[in-house]
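Novice: Structure, please.
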Amino acid sequence: MTFNKHVAVTIGLCAAALLVFSCGDKKKEEKKQSQTTLERIAKEAMDRISPEGEILNVTQMVEAAGYVTKEYSQFPVQEIGMNGRMLVYTDKKGKSSGGLIFFKKTGFVVTPAWHWYFDNNVPESVKKIELNDDGLWDIRITMKDGDVLELLQDDSFDLTAFERSDWIALNGTSSEPVSADHKMWKCFDGDSSTTWSSSAGDGKETFLEVPAPFGIEEGILTLQTAQENQPLHCTLYADGKKVQEFELQPTAASQVVRLEEGVKGAKRVKLTFDSVHGGGDVVSVAEMGLK
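Specialist: Numbering: from 1, shown residues only. A predicted model of the protein is given here:
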């Protein structure tokens, strides 16, 4: 009889323990679900922050450069955990020029990833479209004069590129690329395995030229070259004036060049590649930044 009592007590204690553990697991699960819900609510709240509060510094910069913000709205982003924004700006009268800046937003941080500028047309609106069913979103830009410009992603631009620390426009001009796989936008795609490449030493100028509608502020040039076709002697021009000559090292690592004062405030910057390490006949640039 005593044995049975011990068994009964043991069984009762085990049942109570199981109940406690079960309740504990249930509470943990409820707490986890509650935290997930709170995180979702917080994320949605951050996404609803007013554009004015989100990009106040950008708006001030746009206005200081003589432009006005026409539109700032949500725009799809393809990376998980991020949100996209698109800013459309024009000259003050909305008659001659303007541009588009695509931002990526993580939490409260909003950073530019892509910027195009038009010095002879005014963008009115921009929409996400799908032109070739490749899973990459393309863009349709409607201009004030009624023109429509459709941009195919991974052909002339890339919205999945890393966020940038500069404000140069990425639709500049360059000497002729060696092939369609080495167009100018390849040195702005955030992928160091791809390059802009152009012939050198054939008597023609080898160059990259970018608009800087907000002006160059710090005068810091960042260049990353490839394992081959590395530029050696370079010359930089700001608004058509020669500012500086410098040489790059024979390395595929990122190189930083601190530019002279003459580049600051410039609205257009041109970089010529005057020679190549090893005397090659092609220049390649993997990534370029200028702030």
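
Novice: Could you list the paired strands of the helix or strand residue 289 falls within along with their orientation?
Specialist: For residue 289, the element it lies in under DSSP states H and E is strand 287-290. Strand pairing for strand 287-290, determined by DSSP bridges: strand 220-224 (antiparallel).

Novice: Wait, residue 66 touches residue 91, no?
Specialist: Yes - using CB atoms under 8 Å, residue 66 makes contact with residue 91 at a distance of 6.7 Å. Backbone N, C-alpha and C define where each C-beta goes, glycine included.

Novice: between those two, which one's more packed in?
Specialist: residue 91 (17 against 12; other CB atoms under 10 Å).

Novice: Name the nearest residue to the more buried one, ignoring sequence neighbours.
Specialist: residue 97 (4.9 Å; CB to CB, 6 or more residues apart in numbering).

Novice: so who does the one you found touch?
Specialist: With contact taken as CB atoms under 8 Å, 6 or more residues apart in numbering, residue 97 is in contact with 67, 90, 91, 117, 118, 119, 120, 121, 122, 213.

Novice: Can you say which of those are buried?
Specialist: Among the contacts of residue 97, those buried by neighbour count (16 or more other CB atoms under 10 Å) are 67, 90, 91, 117, 118, 121, 122, 213.

Novice: Same list (these) but as a markdown table, adding secondary structure, pLDDT and distance to residue 188.
Specialist: Output for those, formatted as a markdown table (DSSP: H, G, I helix; E, B strand; the rest coil; pLDDT from 0 to 100; distance: CB to CB, whole Å):
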| residue | secondary structure | pLDDT | distance to residue 188 |
| --- | --- | --- | --- |
| 67 | strand | 96 | 21 |
| 90 | strand | 97 | 23 |
| 91 | strand | 96 | 24 |
| 117 | strand | 98 | 13 |
| 118 | strand | 97 | 17 |
| 121 | coil | 95 | 21 |
| 122 | coil | 97 | 23 |
| 213 | coil | 97 | 16 |
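
Novice: Show me the strands in the stretch 51-200 of the chain, by range?
Specialist: 67-74, 83-91, 98-106, 109-118, 123-129, 138-143, 148-151, 173-174, 196-199 (DSSP state E, counting those that start in this stretch).
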